[in-house]
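Novice: return atomic coordinates for the entry below.
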Amino acid sequence: MTSPLLSLFERYTQALEDAEPLPPSSSPYRVVADQILEMALAYQSDGKIFLRSDDPVNALAAWCYGYGWLDAGRYLGIISGSDLFPEISLLHGTIPTSDHDKLDEKRSRYQRMIASALTSIEHAPDESSFLSSVSADINTIAIEWLKAGELCIIEGKSESALAAFSYGYGWLDVGVRAGLFRITGDRHLFTA
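Specialist: Numbering: from 1, shown residues only. Okay, the predicted model is just below:
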């Protein structure tokens, strides 16, 4: 495992260890918090399996996607912790040259998927609800990560682009899971 990828895994593992659900067990928001942690743990495990199978591309995508889940949960105030997603430029050069075809395919696919996901949802909360602005924030964050990934492509940083697309996608999935978005398009684009 290359050093930046190992560092991402270690940092993500620590973030998971520090994460706890904040709502009381009787709260409906606790269900969402538990689901976020369950997904984040699943993607940690998936990433380890991918890496053991000599698939650093999918390991990178899994850990960045899981980080999106964690950070979105923190933003919503239902998950504890403070270790936020690292600077994506640090991930450039983590994938061996022999895997660049796979990296470029996955990066392109994730770019299309997050772009399609953004057009497949609408805000669920009523505009007079304070949750309407939360929904808008999550949508904006996902768009910003899509744009960050597109800039990385221009700069020739495919690993960073994949990281950005995966991370932003995690935020959208949390928004759907938390009831902040209604799926109006392709339901297969979401884990909810």
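Novice: just the strands in the chain please.
Specialist: Assigned by DSSP state E, the chain shows strands spanning 121-123, 181-183.
Novice: nearest to Asp18, of those?
Specialist: Closest to Asp18 of those, according to Cβ to Cβ: strand 181-183, at 27.2 Å. Where C-beta positions appear, they are placed from N, C-alpha and C, glycine not excepted.
Novice: contacts for the closest one next, please.
Specialist: 120-124, 135, 138-139, 172, 175-176, 189-190, 192 (Cβ atoms under 8 Å, 6 or more residues apart in numbering).
Novice: and the lowest-mean-pLDDT helix or strand in the chain, what does it pack onto?
Specialist: Lowest on mean pLDDT, DSSP states H and E among the helices and strands of the chain sits helix 3-18, with a mean of 91. Packing contacts for helix 3-18, counted by 3 or more Cβ pairs under 8 Å, 6 or more residues apart in numbering; DSSP states H and E, involve helix 28-52, helix 56-75.
Novice: need the winner for burial among these.
Specialist: helix 56-75 (a mean of 25; mean count of other Cβ atoms under 10 Å).
Novice: using PDB, write out every CA atom in that helix.
Specialist: C-alpha atoms of helix 56-75 as PDB (Å, rounded to 0.1, in the frame of the first residue of the first chain):
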ATOM      1  CA  PRO A  56      -6.400   0.200  -4.700                       C
ATOM      2  CA  VAL A  57      -8.800   2.100  -7.000                       C
ATOM      3  CA  ASN A  58     -11.900   0.700  -5.300                       C
ATOM      4  CA  ALA A  59     -10.200   0.900  -1.900                       C
ATOM      5  CA  LEU A  60      -9.700   4.700  -2.400                       C
ATOM      6  CA  ALA A  61     -13.300   5.200  -3.700                       C
ATOM      7  CA  ALA A  62     -14.700   3.200  -0.700                       C
ATOM      8  CA  TRP A  63     -12.800   5.100   2.000                       C
ATOM      9  CA  CYS A  64     -13.600   8.500   0.400                       C
ATOM     10  CA  TYR A  65     -17.300   7.600   0.000                       C
ATOM     11  CA  GLY A  66     -17.400   6.500   3.700                       C
ATOM     12  CA  TYR A  67     -15.700   9.700   4.800                       C
ATOM     13  CA  GLY A  68     -18.500  11.600   3.000                       C
ATOM     14  CA  TRP A  69     -21.000   9.700   5.100                       C
ATOM     15  CA  LEU A  70     -19.200  10.500   8.300                       C
ATOM     16  CA  ASP A  71     -18.700  14.100   7.600                       C
ATOM     17  CA  ALA A  72     -22.300  14.600   6.500                       C
ATOM     18  CA  GLY A  73     -23.400  13.000   9.700                       C
ATOM     19  CA  ARG A  74     -21.200  15.300  11.700                       C
ATOM     20  CA  TYR A  75     -22.500  18.300   9.800                       C
END
